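Visitor: pasting the structure only:
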């Protein structure tokens, strides 16, 4: 298929996944801010979200103070912030529009409907209905688009590029959410509130029930990290994402992509054979940073080999 | 040509023409509410599918629906046969003319057309001199605008040999009519048109560069903001070929490739819907972001076919138009089967004088204009508009031609007041490759405003299904 077509499909999936995970991240932050803690500590959380996306200066240009209202407005509804949910859904829809002829009619209608519904609500309306309801809506629309994609598309390269983009983005986003929350939680005061915070993190990644089922035990930081990094059967884990990336790359391989496939294979092997004790001993933050760097390089390689060849 | 209009359904005495009998009988049984309902249904369906066109000069990104009229226009088999023969004859001669002026230039040496009219024409591309194209075909796709005037005789209004559009509406209008009124199709023997994309693809494959057994054909579009983008996407999808933009293509070793996820793939035939000026920034408009650097070199080397060829504009230019009958005599040794509209060329002093004295009766067109932009329809213009146009003509007379206002034929059309006659034209499409052919029919454009003679979609025109009857 045309590289430009593949590029649009890949980014359509990445932006769609990014919007969903941003909703998850903001949701967990919002939930945690409801747990009793000092205002200072709260605002640290919101500052961390901006740092996660390197948005501190862009935010400072638009708002005076880092607080829950300002950060939510900036990350949810600001069209000038390229990382906001609004901008991600717009970018997903624009990429879909550019390759409308490649998508099934249901897919196009799904992406388009998400965008139209989003544009019909102001941030004030979103707040008045409850911000969590909005985050649920974003997750639901992502689920609808994903369902329609898998339910209606021919299993050819077009679908493979969509899945590749989605998996790469999801791996990166899970690592980001885990890195930030783990950092905050480890630095927090011990106590009963920890249970709620770990619970909120797991819930935001749809992993709370999974955790209960897998471990049937108390929530500990080590197990949470293991579940979200190493469990192959946990659909949002780094391992599951890397596994999917490797499989997609095998399906779309071309004569230029050998090195990218190798890198993906290395990343997958580290997750496949890794042990959580080793990861924690050598530093979780360092491990996750390394993972995100590798995902970034993979994205680079995929662009060069398939999407925007010289 | 007078002021009486030829009505395609009724003769001068008010009698029904035989080929409209079936439709008239059917119409008599249909309550007006049902027609109105069907019209609404058609509009809604066109909207949903997104069959739209962009209008230039309005707010950016404006997309409009071309109005669709539910009453078909009917052409009997015998009339079509004569028309088809005339069209094929004309396009053959036009292709022969293009091959000639880019090679031996015999027609110029024979003195049939003034040399400067051709060689100094802005549409003449010296880059094409001596370049051989497959089968000697330049205008692979020609959209020839036909009107009926006077007692019903056909005139060629213009030959569109660059990137003629509208064929998608021909196909979609037919699809819509079959959906709305299937019973009409069982009462008539109507020649099908939906195989046009197959014919087009087959035609494009026959003009691939020499030695290419299984050519890769692509459709090159200026992009999603072009007014005809819907048609580009539609045709590419119907033919099962890639819809590419300039940035998807590149030239290496005088060969054109497209960037695919499996690496570069050679492209053999480009059905381009992009004007000459934008094709190659190295050769033509340097600011063009839409084209492919080096395309002209690959083309001249014979490694890729462009359809239509570069430089066809010199043959459909309005200043060359008056000479087409002469081309037919010169290249084919035949008498033209279709009429040309008498044309005054305002670069000639005596023509200019006459036209300036008769502006209220005439139609004045820009030599290089298209789409109904920049023209004066004398009888429909206000005095101020005429005086304004007079100044423009005097400033640059060579930019204009003038023609008598044709009494365009009319056909019943469903409008607010019910069924009433409206003026129309016809754009059939002639395909030339190793062979020449066409599907029976074309795009009928209708001026929906009462009395209007301007059928262009950008000026409030609509379309209707065109039936060529078999047998």
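Guide: Cool, the structure landed. Values in this document were obtained by computation on a predicted structure and should not be read as measured data.
Visitor: what's the pLDDT at residue B:234?
Guide: Residue B:234 carries a pLDDT value of 89.
Visitor: For it, which non-adjacent residue is closest in space?
Guide: The shortest distance from residue B:234 to any non-neighbouring residue, by Cβ to Cβ, 6 or more residues apart in numbering or on different chains, is to residue B:168 (4.5 Å). Yep, even glycine has a C-beta here, placed from its N, CA and C like the rest.
Visitor: now that neighbour: how far from residue A:199?
Guide: Going from residue B:168 to residue A:199 by Cβ to Cβ, to the nearest Å gives 57 Å.
Visitor: same deal with residue B:42?
Guide: 57 Å.
Visitor: In terms of pLDDT, where does the nearest residue to residue A:21 once chain neighbours are set aside sit?
Guide: Distance criterion Cβ to Cβ, 6+ apart; nearest residue to residue A:21, sequence neighbours excluded, is residue A:173 at 3.6 Å. pLDDT recorded at residue A:173 is 95.
Visitor: Is residue A:173 part of a helix or strand, or is it coil?
Guide: helix (DSSP: H, G, I helix; E, B strand; the rest coil).
Visitor: More neighbours: which of residue B:168 and residue A:199?
Guide: Just comparing residue B:168 and residue A:199: by other Cβ atoms under 10 Å in any protein chain shown the higher neighbour count belongs to residue B:168, 21 against 18.
Visitor: I figured the more buried one hits residue B:231, correct?
Guide: Yes. Contact status for residue B:168 versus residue B:231: in contact at 4.0 Å, counting by Cβ atoms under 8 Å.
Visitor: For whichever helix or strand the residue nearest to residue B:234 is part of, which residues meet the burial criterion?
Guide: Using DSSP states H and E, residue B:168 maps to helix B:167-180. In terms of neighbour count (16 or more other Cβ atoms under 10 Å in any protein chain shown), helix B:167-180 has its buried residues at B:167, B:168, B:169, B:170, B:171, B:172, B:173, B:174, B:176, B:177, B:180.
Visitor: ok, the fourth one - contacts?
Guide: Put plainly, it is residue B:170. B:193, B:196, B:429, B:441, B:442, B:443, B:466 (Cβ atoms under 8 Å, 6 or more residues apart in numbering or on different chains).
Visitor: 7 Å instead?
Guide: B:193, B:441, B:442, B:443 (Cβ atoms under 7 Å, 6 or more residues apart in numbering or on different chains).
Visitor: go on, the last one?
Guide: Listed by Cβ under 7 Å, 6+ apart, the contact partners of residue B:180 are B:38, B:41, B:42, B:70.
Visitor: Where does the first one fall, secondary structure wise?
Guide: Element membership for residue B:38, per DSSP H and E: helix B:32-49.
Visitor: Then residue B:259?
Guide: Counting by DSSP H and E, residue B:259 is found in strand B:255-260.
Visitor: Would you agree residue B:223 is in contact with residue B:245?
Guide: Yes. Residue B:223 lies in contact with residue B:245 (Cβ atoms under 7 Å); the separation is 5.4 Å.
Visitor: More neighbours: which of these two?
Guide: For residue B:223 versus residue B:245, neighbours defined as other Cβ under 10 Å are more numerous around residue B:245 (20 against 15).
Visitor: Flag every residue of the stretch 51-200 of chain A that's near chain B.
Guide: A:98, A:101, A:157 (Cβ under 7 Å from any Cβ of the partner chain).
Visitor: Over to the stretch 201-310 of chain A?
Guide: Counting by Cβ under 7 Å from any Cβ, the stretch 201-310 of chain A sits next to chain B at A:252, A:254, A:255, A:256, A:306, A:309.
Visitor: Which one (most neighbours) among those?
Guide: In terms of neighbours by other Cβ under 10 Å, those top out with residue A:306 at 28 neighbours.
Visitor: give me every residue that touches that one.
Guide: Taking Cβ under 7 Å, 6+ apart as the test, what residue A:306 contacts is A:3, A:6, A:252, A:254, A:257, B:261.
Visitor: Name the nearest residue to the residue of chain A most remote from its centre, sequence neighbours excluded.
Guide: With distances taken as Cα atoms, centre = their mean, the residue sitting farthest from the centre of chain A turns out to be residue A:255, at 30.2 Å. Spatial nearest neighbour of residue A:255, chain neighbours left out: residue B:263 (6.1 Å); criterion: Cβ to Cβ, 6+ apart.
Visitor: do the same with residue B:303
Guide: Closest to residue B:303 by Cβ to Cβ, 6+ apart is residue B:255, at 4.9 Å.
Visitor: Quickly list what that neighbour is bridged to.
Guide: Here residue B:255 shows beta-bridge partners residue B:252, assigned using DSSP bridges.
Visitor: State the pLDDT value of it.
Guide: On the pLDDT scale, residue B:255 gets 97.
Visitor: That one against residue B:266, yeah?
Guide: Yes. Counting by Cβ under 7 Å, residue B:266 is a contact partner of residue B:255 at 6.3 Å.
Visitor: In terms of neighbours, single out the busier of the two.
Guide: residue B:255 (18 against 14).
Visitor: contacting residues for that one?
Guide: So residue B:255 contacts B:266, B:298, B:303 (Cβ under 7 Å, 6+ apart).
Visitor: Same check on residue A:177?
Guide: Counting by Cβ under 7 Å, 6+ apart, the residues that residue A:177 touches are A:21, A:24, A:25, A:204, A:205.
Visitor: The residue in the stretch 51-200 of chain A that chain B sits nearest to: what secondary structure?
Guide: Chain B sits closest to residue A:101 of the stretch 51-200 of chain A, with a gap of 5.3 Å, by Cβ to the nearest Cβ. Look at residue A:101: counting by three-state DSSP, its state is coil.
Visitor: For it, the count of nearby residues, please.
Guide: 13.
Visitor: where does the stretch 101-250 of chain A have low pLDDT?
Guide: A:185-193 (pLDDT under 70).
Visitor: thought residue B:163 was touching residue B:273?
Guide: Yes. Under the criterion of Cβ under 7 Å, residue B:163 makes contact with residue B:273 at 5.0 Å.
Visitor: Which strand or helix spans residue A:79?
Guide: Going by DSSP H and E, residue A:79 is not in any helix or strand.
Visitor: domain ranges for the chain?
Guide: With no chain named, the answer covers chain A. A:1-152, A:155-310 (automatic domain parsing).
Visitor: if you could check chain B rather than the one you did, that'd help
Guide: With automatic domain parsing as the reference, chain B has domains B:18-209+B:304-340+B:406-468, B:344-404.
Visitor: Run through the neighbouring helices and strands of the longest helix anywhere in chain B.
Guide: Ordering each helix of chain B by length in residues (DSSP state H) puts helix B:77-101 first. Packing partners of helix B:77-101 (3 or more Cβ pairs under 7 Å, 6 or more residues apart in numbering or on different chains; DSSP states H and E): helix B:106-109, strand B:141-149, strand B:153-160, helix B:313-316, helix B:324-327, strand B:429-432, strand B:436-438.
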